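# dropping a prediction and its sequence here:
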Amino acid sequence: MHNERSVQLLYLQHTGDMSLNSTSSYLLDYFCSYNSPKFIPFYTVRIILLLTVSVLVFYVGHQRWRRQHTFKTASHSDIFTYHVAAMELIWVLGCFLIYYGTYTNHLVSETVGSHASRITYYGEIFFHLLTCVERYLAVVHPITYMSLRNARGVRIRNICIGCVWVLSLGMTCVKVLLPPNYKTVILFCILAPSIIIISFCSLSVLCVLIRPGPGEAGGKREMVDQSKLRAFYTITAITCAVWLWVVGFLVSSVLKESLLLSSTGKCSMLVYMVWFNLPSCLVLPLLYLHRAGKLSCCCYTNK
């Protein structure tokens with residue numbers, strides 16, 4: 001392992017950047033990187049949870065496919081969840097490659113694992129967005145939603161899924177070529193509009209639920225459509241998880257640029273901030289498993 005001085009000289013040698021701020025930012029990224037021992041508890045917990053729920057999602061999906069012999073009857077949100085689970089498994093594989101490369105000094109394995117694990121961060125937010133839009137259409141524009149339950153809707157869904165994978169791969173490649181500050185800007189440019197759209201979907205569905213229906217006066221509703229209520233719970237859970245991720249991302253970004261904390265203090269704070277991303281990774285698989293009746297501790301069922 002290089003000491004701080006040798007890493008600094010190596011950085012200056014490769015970039016020619018003699019700026020103190022740039023060097024400090026690089027050193028922080030280096031010593032707070034994914035293979036730092038400080039992050040081992042987080043990655044261990046995340047690997048165990050994601051591996052468990054992702055495998056269970058595919059198991060339940062396979063059981064459904066065996067009964068129905070087709071995925072045509074599966075809802076769009078279920079298909080989105082399968083792709084999220086696939087991305088999470090890629091992330092787990094990337095982590096194993098990273099740690100294998102780190103402890104065996106195999107640079108190629110470490111590099112491939114690093115790039116593979118980055119795909120998930122972009123794909124997650126896009127699939128969260130697609131799921132919320134799908135639930136929004138089901139509640140706010142039911143006629144449009146029903147028209148997308150046919151073969152045309154399946155084609156549109158598959159095109160959207162293909163675009164998510166292409167964008168995730170493309171953004172991963174672009175991120176490799178950019179300096180650290182620009183990487184943060186790009187991720188924020190993706191998170192900001194996504195969280196706005198997701199929040200809009202959540203508020204729109206809430207307005208439909210509290211709005212009085214035909215023949216109902218004063219906003220009093222004796223009964224709420226359970227399918228709409230489930231859609232609201234789904235969007236609300238996704239919104240809360242993504243907002244938690246955004247808050248953690250913003251706080252960690254500010255801390256990295258702060259002059260009030262030492263490098264050690266910044267690393268310690270960043271270790272806590274990464275936990276804010278965990279609910280966002282788990283929310284779609286857990287919602288799927290609950291709809292399938294595999295979780296009995298949540299507040300609503302899919303009956």
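That came in fine, so what should we check first?
# stretch 110-125: how far from the chain's middle?
Remark: stretch 110-125 is offset 11 Å from the chain centroid, using Cα atoms, centre = their mean, to the nearest Å.
# quick check: buried residues in it?
110, 112-125 (16 or more other Cβ atoms under 10 Å). No exception for glycine: its C-beta is placed from N, CA and C like everyone else's.
# any idea which helix or strand comes after the top helix by length along the chain?
Secondary structure of the chain per DSSP state H: the longest helix is helix 107-140. The C-terminal neighbour of helix 107-140 among helices and strands, as given by DSSP states H and E, is helix 142-147.
# centre of the chain to that following helix, how far?
Distance, stretch centre to chain centre, for helix 142-147: 27 Å (Cα atoms, centre = their mean).
# tell me what that helix is packed against?
Helices and strands touching helix 142-147, as assessed by 3 or more Cβ pairs under 8 Å, 6 or more residues apart in numbering; DSSP states H and E, comprise helix 107-140.
# please state the offset of the helix it packs on from the chain centre?
Mean C-alpha position of helix 107-140 versus that of the full chain (Cα atoms, centre = their mean) differs by 5 Å.
# what pLDDT, on average, does that helix get?
Throughout helix 107-140, pLDDT has a mean value of 87.
# avg pLDDT for stretch 155-168?
According to the model, stretch 155-168 has a mean pLDDT of 93.
# contact partners of it?
Residues outside stretch 155-168 that contact it (Cβ atoms under 8 Å, 6 or more residues apart in numbering) are 76, 79-80, 83, 87, 119-120, 122-123, 126-127, 130, 148.
# so how far is it off the chain centroid?
16 Å.
# for stretch 168-176, C-alpha coordinates in CSV please.
What follows is stretch 168-176, C-alpha atoms only, in CSV (Å, rounded to 0.1, in the frame of the first residue of the first chain):
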residue,chain,number,x,y,z
SER,A,168,-26.3,3.1,-17.2
LEU,A,169,-23.5,1.5,-19.2
GLY,A,170,-22.9,4.8,-21.0
MET,A,171,-22.8,6.9,-17.8
THR,A,172,-20.4,4.4,-16.2
CYS,A,173,-18.0,4.8,-19.2
VAL,A,174,-18.3,8.6,-19.1
LYS,A,175,-17.6,8.6,-15.4
VAL,A,176,-14.4,6.8,-15.8
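# give me the angle between the strand or helix carrying Y82 and helix 107-140.
Applying DSSP H and E as the criterion places Y82 in helix 76-104. Orientation of helix 76-104 against helix 107-140 (axes from the mean of the first three to the mean of the last three Cα atoms, to 10 degrees) gives an angle of 160 degrees.
# quick check: buried residues in helix 76-104?
Using 16+ other Cβ under 10 Å as the test for burial, helix 76-104 gives 76-92, 94-95, 97-99, 101-102.
# cool, stretch 131-151 as well?
So, applying 16+ other Cβ under 10 Å, buried residues of stretch 131-151: 131-140, 145, 148.
# done for today, thanks.
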